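Novice: Sequence first, predicted model second:
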Amino acid sequence: MDRTLKRNSSLEKTLNSSSGGLPTIPSGGTLSSRTNSQSSIGNTGGSSNDLSRPSINSTPKARLSRPSSREQILNEFKQGPDSTLRLSSGSGRVLTNVEFQVTANTEVGDLVVVTGSSLELGSWEPRNGVVLSTDDRRYPMWTAIVDLPTGQTIEYKYAIMKQDGAIAWESDIENRMITPEGTSVVLEDGRFNSERARLLNKKKQSLEKGKKDLGKHFLELQASLDKNDTIYIITYRLPLSTHRDPVTGKYTFEWLSQLSDSKLREMDNTKVMRSMSRHATYVIENLRDLRSRCNVWYVGGLGIDVSEEEQENVEKELAEKFQCIPVFLPRDMSSEFEDFCHDILKPVFHFFHPTDRNMCCAFSAGAKWQLYNAVNLRYVTPVVQNFNDGDIVFVFDLELLMAPTLIGSRARTANVCFFFNTPFPSSEIFRTLPIRKQILNSLLNSNFIQFHDYNYARHFLSCCSTLLGIEHRPTRGGLMLLIFNGHHCYIRACHVGIDAPSLCERLKEPQVTQELERWKAKFAESGKQVILCGYDDLEPLTGITLKLSAFRNILNGFPEFRKNLLLIQVAIPLHDSRGELMHKEYVNQVHAASEQIEKEYPGSLMLLTEKMPFGPRCALFAQCDALVMASVRHGLSLVPFEFVLCNEFGGKKGSLVVSEFAACSRVIPGAMRTNPFRDEDFAKAIVKCLRQAPHERQHYHLQQVDWCKTHTVERWAETILLDMKRVRESMIINGEDVKRAASCRVGLVKSTYKEISSNVLKADQVGGRGGG
C-alpha cells in the first residue's frame, strides 16, 4: 500500500479532531542562515489553530496562501507537488524544474514537507510548503518536483509533520540553499536533519578518529603528499618545445628549460608568441619537481597544428615520455580564441577601461564568448574523463576562466585551485564585462583561488561583494573564505619565487662563463662603468617608453652620469598566432625614443630587440649595477629574482628599481619602489640607487638573495597543496559536504551548460579527442 495515502488518512483524523490545526513554526524559533545568505526568516507569529494567512499582493500567483477549509488542505496534500500552480509564460519569469530528494524515516501518518524563503515553498510556513511523496519501493526516499524562479537564491529546510500535529524541523543543520539554473535540477540532499558529507575513497575516516578531530581547524591537521595523489595541471600552452622535421615529418618534444642556447638559435621559429603571462610558463614547468612525491599530469595545447592522422601518435608519445595530455585546436579556432583573450579580457584585467564597442560585439549572440566556452570545454574534458575522487586540479590564467564550473559540473568532488598570474581589476573596471557574473560564479566553483598580490585578491573580494552580494571572512592561516551556495572557496595571496637551486647550478655551465667574458670586453670597449639593464616584452604594459623618458631625464639633470652610464634595454617583440608583429605603434614609439636619446647622448643606450638565450641573459645580469622595471601593470614577473641570483654569481651587489605596479615589488626586500608615471621621481629613484652606500647595498642584496633561495616554486606549490588537503580533510571530519551542489554549478552559457550537465559527455559535444 502506498505510504503517502496511509499518512494522509491519518492526518485527516487529526484535522477533524477538536485539537486540530496544522502547526506553524515554533514561537520564537529562528532558522539559522549561512554566511553568504540573507538574514534568516524567523517566527511567522501565527498560532497553531490559525489555518489562514493574509493575502500578499504580488505579481506571482504561485501558492500565496492555502484556504482555510480542512478538506481543501487535505486534497492539496493528497495531490502532491503537481497541485502547485505553475507560472505562465506571460509572467515574464524563467523557471527551473527542481526535484527535491531526501531520505527520512517516518511513522505511518507522518508527512515530509519542504518549505523555504520563496513563495513557491510556502515562505517558511510548513502548511504552505511542498509535500514530498514516497511508496513501498522508494521508502525511505521522499521526492517532490516544483518550479522555482531561475537565478534566485532560496533557503529551505525539510520538516516532518507528525500525526499528532507536531512539526519536527531539521534543527541540527543550517538552512539548505539553492540557486536554480538551467531547465531542471535534481537535489540529492541526503538524510533528513544532516548535511550530506562524501568520504573520498582514498581518505575514509574511522569513527574514533572523526570524534577525536571533530571541530579542529585545518591548520591543526597533518597532511603530506604521497604517491597516490594525482595533480592535473591545466594550462593553455604546455611548457614544451615542439619541432616538426620538414623532411621526415617527425615531431620532437623537449621541456623548455632543457633547451640549450644552440638549439634555440637553430630553431626555425624564433618569434616569441604572445601569452597572458610568459613567466607563468616557467612556474608551470617547475611544478614537475613534485613528481618525486606524487603524480603530476599536464593538460594543454602544443601551439602548432597536428593533423588528425598524427594526433593519436602524438598523444601516446606525450603520455609515455612527458605525462602530458595534448589538446588539439584548429588553427582558425585558436586564433580567434587568442584574439578574444588578448583584445578583450587582457586589457580589462590589466585595468584598461574599454572605450569602444568591440566589448559589446565580442559578447553578442553567437560571437566569441561562445567560442571561449567551447575551448574551455575541450581543455577540461581529459580531466573529467580521467578524474578519480581526491584528485587535485590546478587551472592557470585568463584563458581558462570557465574551467572551474565545467570541472565541477561533472567531477563534483574535484579539489580545484585557480591561479591568477595576471592582475585582477577593481570592481569599477571588472563590472564593464557583460559576463562578469558568469566569470565570478565559475571562479567560485574553485576550492582555492591563488593570487600573487593581496591587492588583486582584495579586488576580487570586492567584486564578489558588489556584484554577487557575497561577503568574505578571514580565517586562520592567512586565508579568506567565501561561501557560495554552500560551497567553500578560499582566497590565497602568496607570491611565487624561482627554482633557485637549478638556476645556481646552470650558472656554472661553460657557456655562461664565455658570455660573461664577452660582456666584460664589450663594456670595457665602450668605456662605461655604470651599467643599467632592463628586460621586458615589447608591449605597452611593460612601460619601456616611461623608462626611456626617465633615463633621458637622468642624463639631462645629472651631468656626472653622462660619460659613464649605459642602459642596456632588451625589448622582446611579440607575435600573434598568425606570426604578425603585435603593438606596432608602440614599437615605433620605443624606437623613436631610443633614437632621440642616442642622438643627444651617443653611446648611452643599447636597444636589443630579441629574446636572449639563457647564457647571454644571465651573463648580462651578472655584470649590471641595477635592474630597472617600469611596468604599468604586471601580475607576475620573475626577472628581478633571476637578476639577484645572477648578480650574486657575478660578484656584484646590484640594486633593484621596480615599479610599484608590479606584484613582485611588494615581496622582494630592499627594492626601490617607484611610480614610473612621474618622470622626475623615477629618475631620482634610479640615481638614489646608484649613489647608495656600498654597505647599504650589500645589506639589501643579501636579504634579496636569501629570499630568492628560500621562496622556491616547489615550496610555494607544496604549501598550496597541503593547505588544500588540510581543508578537504577538515571538511570531511566535520561532516561538511565536499561535493558541489547543483545550485553551485552555474555560470555557463545555456548550450554549454546543457552539454556538460548531461549524464555522459558525448564525443561530439566535447570536441572529440581527450587525453588517455
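Specialist: Good, I have the coordinates.
Novice: In this protein, where's the longest helix?
Specialist: Assignment by DSSP state H gives helix 713-733 as the longest helix of the chain.
Novice: and that helix, average pLDDT?
Specialist: For helix 713-733, mean pLDDT is 88.
Novice: what helices or strands is it leaning on?
Specialist: Counting contacts by 3 or more Cβ pairs under 8 Å, 6 or more residues apart in numbering; DSSP states H and E, helix 713-733 is packed against helix 207-213, helix 278-286, strand 392-396, strand 415-419, strand 448-451, strand 487-493. Backbone N, C-alpha and C define where each C-beta goes, glycine included.
Novice: The ones you listed into TSV, with extra columns for distance to Q258, mean neighbour count and mean pLDDT?
Specialist: Listed next are these as TSV, based on distance: least, Cβ to Cβ, whole Å; neighbours: other Cβ atoms under 10 Å; pLDDT from 0 to 100:
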stretch	distance to Q258	mean neighbour count	mean pLDDT
helix 207-213	44	11	42
helix 278-286	9	22	85
strand 392-396	21	26	95
strand 415-419	23	25	94
strand 448-451	26	24	95
strand 487-493	30	22	91
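Novice: who wins for proximity to K584 among these?
Specialist: Distance to K584, taken as Cβ to Cβ, is lowest for helix 278-286 among the helices and strands packed on helix 713-733, at 19.5 Å.
Novice: Between helix 278-286 and the helix or strand just after the closest one, find me the angle.
Specialist: Next helix or strand after helix 278-286 toward the C-terminus (DSSP states H and E): strand 295-301. Orientation check (axes from the mean of the first three to the mean of the last three Cα atoms, to 10 degrees): strand 295-301 against helix 278-286 gives 140 degrees.
Novice: And the contacts of strand 295-301?
Specialist: Identification of contacts with strand 295-301 by Cβ atoms under 8 Å, 6 or more residues apart in numbering yields 227, 229-239, 284, 287-288, 290, 322-329, 334, 379, 382-383, 386, 771.
Novice: which parts of the helix or strand containing W519 are buried?
Specialist: Element membership for W519 (DSSP H and E) is helix 510-526. Neighbour counts over helix 510-526 (16 or more other Cβ atoms under 10 Å) mark Q511, V512, E515, L516, W519, F523 as buried.
Novice: Helix 510-526 and whichever helix or strand comes after that helix, what's the angle between them?
Specialist: Next in sequence after helix 510-526, counting helices and strands by DSSP H and E, comes strand 530-537. Here strand 530-537 runs at an angle of 130 degrees relative to helix 510-526 (the same axes, to 10 degrees).
Novice: Just the C-alpha atoms of strand 530-537, please, in PDB.
Specialist: C-alpha atoms of strand 530-537 as PDB (Å, rounded to 0.1, in the frame of the first residue of the first chain):
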ATOM      1  CA  VAL A 530      77.900  52.100 -14.500                       C
ATOM      2  CA  ILE A 531      75.500  49.600 -16.300                       C
ATOM      3  CA  LEU A 532      71.700  49.700 -16.000                       C
ATOM      4  CA  CYS A 533      69.600  47.000 -17.700                       C
ATOM      5  CA  GLY A 534      66.000  46.300 -18.500                       C
ATOM      6  CA  TYR A 535      64.500  43.100 -19.800                       C
ATOM      7  CA  ASP A 536      60.900  43.400 -20.900                       C
ATOM      8  CA  ASP A 537      58.400  42.400 -23.600                       C
END
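Novice: got the contact list for that strand?
Specialist: Taking contacts as Cβ under 8 Å, 6+ apart, the residues outside strand 530-537 that touch it are 272, 278, 523, 542-544, 547, 551, 561, 564-572, 574, 612, 617, 620-621, 623-631, 639, 643, 686, 690.
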